[in-house]
Structure formats: C-alpha cells, structure tokens
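In: Build the 3D model from these lines:
(one chain, ligands or ions: 1)
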Amino acid sequence: MNCKTYDVVIIGGGIMGSATAYYLMRTAPGLRAAVIEMDPSYSRSSTTLSMANARIQFSFRSNVQISQYAFEVLENFEQEMEIDGNRPSIAYRREGNLFMVNEDGRMSSENSMKMQQDMGCDVEWWTPERIRERFPLYNPEGYVGATFGPKDGHFDAYGVLMGYRAKAISMGAEFVHAEVSEITKTGKRITGVRLKTGESISAGSVVNCAGAWCSGIARTAGVNLPVQPVKRQIFALDTKVKPDGPLPLTYLPSGLYFRTETGGLILLGKSLPEDPVGISFSWEDKRFYELLWPELAEFVPEFESLKLVRGWAGLYAMNTLDENAILGEWPELEGLFLANGFSGHGLQQAPAVGRYIAELITKQAHAMDLSIFGPERILENRPLNENGIY
Ligand SMILES: Cc1cc2nc3c(=O)[nH]c(=O)nc-3n(C[C@H](O)[C@H](O)[C@H](O)COP(=O)(O)OP(=O)(O)OC[C@H]3O[C@@H](n4cnc5c(N)ncnc54)[C@H](O)[C@@H]3O)c2cc1C
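Out: Just a heads-up that it's a prediction; the model follows:
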C-alpha cells in the first residue's frame, strides 16, 4: 500500500480543524496539509450542534482577548473567505448577551466587567429597572442587575465552518473523508497517522482537532488527556407571546440560558451536573418539561404558554482539569499538536486558536500569545484559575 506524505495532518475537520487548515495555508503557502474528517456531513460535530454564540464576557483575561479577535474576524469573515467573487453568508447578529446577577455573584461579575472594560470591551451594568424597560417580558425580581455585552451575538456556525473549509481547500489544503484509527510515532517523535482502512499517512506534524473524540485518538499515541465527551441538550420553543424584538442570549445564575433564533423561535439549554459522559446523541423532552420550563416561566412569565418544537443533543469536550482549552505541542511527543478541551466555548475561539496553532507549527512569531493554555499544565496538574495564575 502506498504511503501518502504531508507536512501536516489534522485529525478532525470541525471548526478547529478547518480554521487551523486555513491559517496554515495563509501562514505558509505551498505547505502540504491534509484534514481527515470521518463525517463530512458534520451531523455529530459540536460545531454544527452548538448555540453559535460569541461573547466578550469571560472572567479569564486570555479568553477575553480570544473573543476580541473573534469579533474582528467575524465582522470581516465573508470578505476574507471570498473565493472567485463568491462570499459565504454567516448571518452574524450582534444582539447582545445578558448575564443576570444575583447578590451571591455580584462581586465576581463586577470584577469581570471591570477587567473587560479595562481591556476596551463594551460591557455595561444594567439595573433591574433598565432590564425591565428594555426587555419587558423579563421578571428581574430577586436579581441585583445584569451585565450586558451589546457586541456579543450569534452567527451561522455551519456557514463559518464551510467558509474556512472552502477557503483552505482553495489555498491548497486537502480534505480527506476517512477515520483516523491511530497516531503513529517512533520513539518520542510523531510519524503520522493510520486510517481505519489500514492506510498509513506520514506527516511531520499531526494536530489533534478531534473535538469530543480527542482523548481516544490521543491515547493511541500514549497521551492521556483530561477531556471527556459530555452530552448537552438544546430545545427550540415556539412561544405564544412573541417578544417585540430579538432577545439577547440571556444567562441566569442557575446556568439556564436562552436566546431568540432567526425566525422567532427561542433556543434554550442548561448544563446539568448529571449530564451523561460518553458519545451519545439521544434527546429527551422530559428534562425540558420537568426542569427547564418552570424555571424559564418564572423569569419570563409570558412563556408559560409555548410549544416545544424540536431539540437536539451535542457534545462538550469537557476539560476536567480546568474547563479551558489545551493548546500546543505535547511536551513528550515532538510533532503532536493539540487543540482540545474547549468545554462549551470553542466555536468563538477557532479564529485565535487556528492562527496560534498554525504559527506554532510553522515557527512564526505569535500575533497573540496563548501559551498560558499550554499542555504542560496537564502533566504538572496545574489548573488555570480565573486570573490566569496557576
Ligand atoms: C449544545 C452546545 C452548545 C454550544 N454552544 C457554544 C456557543 O454558543 N459558543 C461557542 O463558542 N461554543 C459553543 N459550543 C462548543 C463548541 O461547539 C465546540 O467547542 C467547538 O465546536 C469545538 O470544535 P471542534 O472542531 O474541536 O470539534 P467538532 O466540531 O466536534 O469537530 C471535531 C471533528 O473531528 C471529527 N473526528 C473525530 N475523531 C476523528 C477521527 N478519529 N478521524 C477523523 N475525524 C474525526 C469529528 O467527526 C468532528 O467533525 C457548544 C457546544 C454544544 C454541544
């Protein structure tokens, strides 16, 4: 069997794999790069099953910087991804994110807001009166206020994925429909990958962009990642009373979140501690009827009347060490790069991560230093904390 050779092989062609391929081709034209994706329909990829939200409101400084870059990229995305006069459409809607704050969370919310404002971000403190005035359907009783990011918003995740993918292909990257079964190595150096078909592909660098499947494939090279697939569910609701305009992505301190979807439906979700670990996409409406609806109706009494239209389940790649990205070359295996463990906020991180990984592989200076997310912390068991101090 003949063995193909590339400079870089990327395992997984979701948003991380496709963005990395694009930035690699932009950074090093002529590079031989292949993205190996087992499901080109992307029906199980977290990218296409997400809420597609981008927000500036993070408590960890580096995550704020990553989002600042995402905003910049998304604003110009359609133009940047143009191919032969054709532009993708990504329906980028900056309708805001509203984080409701109760007394317990007040100090940490104020600290985060101050840090974001010091970094030049648009974030405002809203009193309960202002919330009521702007969103009369909401019942802010029991809350001390909210932080509002007017530039936060959502976009068409599939559109962004296809934009990166098509542009990377137009610049010379190859997308291969296959499943990687093993990462191959000799001693402490990567040699490439083996496919389920038995075919071997050799490469100087291999990037693990396998999303919720990343730990299984890393293990074939003897690398243990603290990343687990965890099922999360989203519900689409048709409410009897329609809001006057779009509702921002609204987060309650309990973890319940919802926003208006294009077309007037409401999308809603909540991560629960009992969410099952494992690769499963089954979906149950019981959770909505029994747990989430009463909570929603308390905050938005008019949503007492609604129809559950549909729903779906997707996977978070949960980093059990500190719920943050794991980025960079694995210290014990030369040539193995990781872009893993995004734990529910990876979509908006793809532009910064893809560019950073491309710069690492091609040994270019970094436009944004993301070494704080380096994988050394896994080996040393040093979780990142809110201030970015280990
Ligand atoms: C319900 C939900 C809501 C979310 N909401 C948001 C949000 O609002 N904002 C945000 O920023 N993020 C959000 N996220 C998180 C975000 O979707 C992910 O962090 C991001 O999409 C991860 O991208 P990825 O490319 O790493 O993974 P994926 O999109 O899952 O791509 C990985 C790809 O690798 C392929 N693959 C895996 N193993 C192999 C193999 N062995 N061989 C070949 N191919 C392989 C898979 O088929 C898959 O296509 C949400 C996630 C979920 C589930």
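In: residues in the stretch 151-300 of the chain within reach of the ligand, list them.
Out: Contacts of the stretch 151-300 of the chain with the ligand, taken as C-beta under 6 Å from any ligand atom, map to 179-180, 209-213, 217, 232, 234, 269. (C-beta placed from N, C-alpha, C; glycine too.)
In: Just the helices from this structure, written as ranges.
Out: Here the chain has its helices, by DSSP state H, at 15-27, 61-80, 106-118, 128-134, 157-170, 214-219, 286-287, 293-299, 350-361, 376-379.
In: Tell me which of those sits most buried.
Out: With neighbours defined as mean count of other C-beta atoms under 10 Å, these peak in mean count at helix 15-27, which reaches a mean of 27.
In: What is the burial count for the residue in the stretch 251-390 of the chain positioned nearest to the ligand?
Out: Proximity of the stretch 251-390 of the chain to the ligand (C-beta to the nearest ligand atom) peaks at G346, 2.2 Å away. Neighbour count for G346, taken as other C-beta atoms under 10 Å: 22.
In: Tell me the confidence at it?
Out: If you check G346, the pLDDT there is 97.
In: ok, it - contacts?
Out: Contacts of G346 were listed using C-beta atoms under 8 Å, 6 or more residues apart in numbering, and they are 15-16, 46, 211, 317, 325, 353.
In: Now restrict the residues of the stretch 151-300 of the chain next to the ligand to buried residues only.
Out: Neighbour-count burial (16 or more other C-beta atoms under 10 Å) is assigned, among those, to 180, 209-213, 217, 232, 234, 269.
In: now, among those residues, which is nearest to the ligand?
Out: When those are compared against the ligand (criterion: C-beta to the nearest ligand atom), the nearest one is G211, at 2.6 Å.
In: pLDDT wise, what is G263 at?
Out: On the pLDDT scale, G263 gets 83.
In: nope, M1 is what I was after
Out: pLDDT recorded at M1 is 53.
In: Tabulate the buried ones among the residues of the stretch 151-300 of the chain next to the ligand (a markdown table), appending distance to L161 and pLDDT.
Out: Shown next, in a markdown table, are those (distance: C-beta to C-beta, whole Å; pLDDT from 0 to 100):
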| residue | distance to L161 | pLDDT |
| --- | --- | --- |
| V180 | 19 | 98 |
| C209 | 12 | 99 |
| A210 | 15 | 98 |
| G211 | 12 | 98 |
| A212 | 16 | 98 |
| W213 | 17 | 98 |
| I217 | 20 | 98 |
| R232 | 19 | 97 |
| I234 | 17 | 98 |
| G269 | 20 | 98 |
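In: Restricted to strands, list those residues.
Out: Secondary structure defined by DSSP state E assigns 180, 232, 234, 269 of these to strands.
In: dump the residue contacts of the last one.
Out: Under the criterion of C-beta under 8 Å, 6+ apart, the neighbours of G269 are 51, 232-235, 256-258.
In: For V123, give me phi and psi.
Out: phi -140, psi 140 (degrees, to the nearest 10).
In: who are the neighbours in contact with the closest residue in space to it that isn't next to it in sequence?
Out: For V123, ignoring the flanking residues on the chain, the nearest one in space by C-beta to C-beta, 6 or more residues apart in numbering is Q116 at 4.7 Å. Going by C-beta under 8 Å, 6+ apart, Q116 touches 56-58, 64, 123, 149.
In: Many thanks, have a good one.
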